[in-house]
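Peer 1: Dropping the sequence and predicted coords here.
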Amino acid sequence: MMKRSEQEKAANRAAFHSLSPAAKAEHIWIYYKWFIILGAAALIILGSVVYRALTRKDPVLYLGFANVSLDSVTEGRISEGYLESAGFDPQRREILMYRDLYFSEEAAGEAHKMAYATQIKMMAAIEKQQMDLVLMSGSAWDILSKRGYLLDLGQLPSLSPALRELLAENEVILEDNSLEYELGEAPELRVLTEPAANALDLTELPLFQAVGLTEPLYFGIIANSPRQERCLDYVSYLLEAEPGQ
């Protein structure tokens, strides 16, 4: 590519300055549009990265709602309310919530798809240790308990006397050959279970009494949660929390 002389450069500058504003804009766009597009894209990406960094909230706990839904006021009490009481900044920290988890052993059609999707989501979150707590209905508790997802709270020496009064027992399946039995690969059905105090009954707590629950509400801690002491601190907060306004 030949280098332009100073005279040519001066002539081009003079010609450019003689153009109307609209012609100048068109000239710039024709010759520099890719620089403009790439520059704008870089600014957008940079702005997005900076925005996410400034607004990102680090989870304190991960909480699932299994066959349970709460109003926004109560959700605020069990999330921002706890963060403030524990000294966390709600602008920087959060309780990450998994809403609309649906468990059923007799689901069909769309309900079956929802239950299957929930199972996959739950297993993935547990595998990544991103599920600590579950608020659940009785039917969801039965399923989660049988599958061995829940920590036996009765075995925790740090469980306070007030929380021990709320302990509730359910069955955990230790051995189940029902699939082999249905396929004709086992001569008899064998299901071995044992009881475990793996939930707390929160139904009578003032915070949830105000919600107007139509069935019992249970609280469980996921067995592989690395934040068990934080979980106990959280449920101790629920024990004392008052309904929101």
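Peer 2: Sure thing, it's come through.
Peer 1: what about the helices in the protein?
Peer 2: Along the chain, the segments classed as helices by DSSP state H run 6-17, 21-55, 72-78, 80-85, 110-127, 138-146, 161-164, 178-182, 206-209, 228-240.
Peer 1: so which of those helices is the most packed in?
Peer 2: helix 138-146 (a mean of 20; mean count of other Cβ atoms under 10 Å). Where C-beta positions appear, they are placed from N, C-alpha and C, glycine not excepted.
Peer 1: re earlier: can you tell which of the helices of the chain is closest to residue 170?
Peer 2: Distances from residue 170 to each of the helices of the chain were compared using Cβ to Cβ; the minimum, 3.9 Å, belongs to helix 138-146.
Peer 1: Quick one: residues in contact with the closest one.
Peer 2: When contacts are defined by Cβ atoms under 8 Å, 6 or more residues apart in numbering, helix 138-146 is touched by residues 66-68, 101, 103-105, 134, 136, 150, 170-173, 193, 196, 198-199, 215-216, 218, 220.
Peer 1: Now stretch 160-179: buried residues?
Peer 2: Within stretch 160-179, the residues that count as buried by 16 or more other Cβ atoms under 10 Å are 163, 166, 168, 170, 172, 177.
Peer 1: May I see those residues organised as TSV, with pLDDT and distance to residue 142 added?
Peer 2: Converted to TSV, these look like this (pLDDT from 0 to 100; distance: Cβ to Cβ, whole Å):
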residue	pLDDT	distance to residue 142
163	94	21
166	96	18
168	96	11
170	95	6
172	91	11
177	73	20
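Peer 1: Rebuild the residues you listed as CSV, extending it with distance to residue 78.
Peer 2: Shown next, in CSV, are these (distance: Cβ to Cβ, whole Å):
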residue, distance to residue 78
163, 16
166, 16
168, 19
170, 23
172, 27
177, 40
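Peer 1: May I ask which helix or strand of this structure has the lowest mean pLDDT?
Peer 2: Across the helices and strands of the chain, mean confidence by mean pLDDT, DSSP states H and E is lowest for helix 6-17: a mean of 67.
Peer 1: Could you tell me which residues make contact with residue 195?
Peer 2: Going by Cβ under 8 Å, 6+ apart, residue 195 touches 169, 170, 171, 172.
Peer 1: cool, residue 152 as well?
Peer 2: Applying Cβ under 8 Å, 6+ apart to residue 152 gives the contacts 196, 197, 198.
Peer 1: which of the residues you listed lies closest to residue 32?
Peer 2: Of all the contacts of residue 152, the one with the least separation from residue 32 (Cβ to Cβ) is residue 198, at 66.1 Å.
Peer 1: I'd guessed the closest one sits against residue 222; true?
Peer 2: No - the criterion here is Cβ atoms under 8 Å, and residue 198 misses it with residue 222 at 10.2 Å.
Peer 1: any shared contact partners between the two?
Peer 2: When contacts are counted by Cβ under 8 Å, 6+ apart, residue 198 and residue 222 are jointly contacted by 150, 151.
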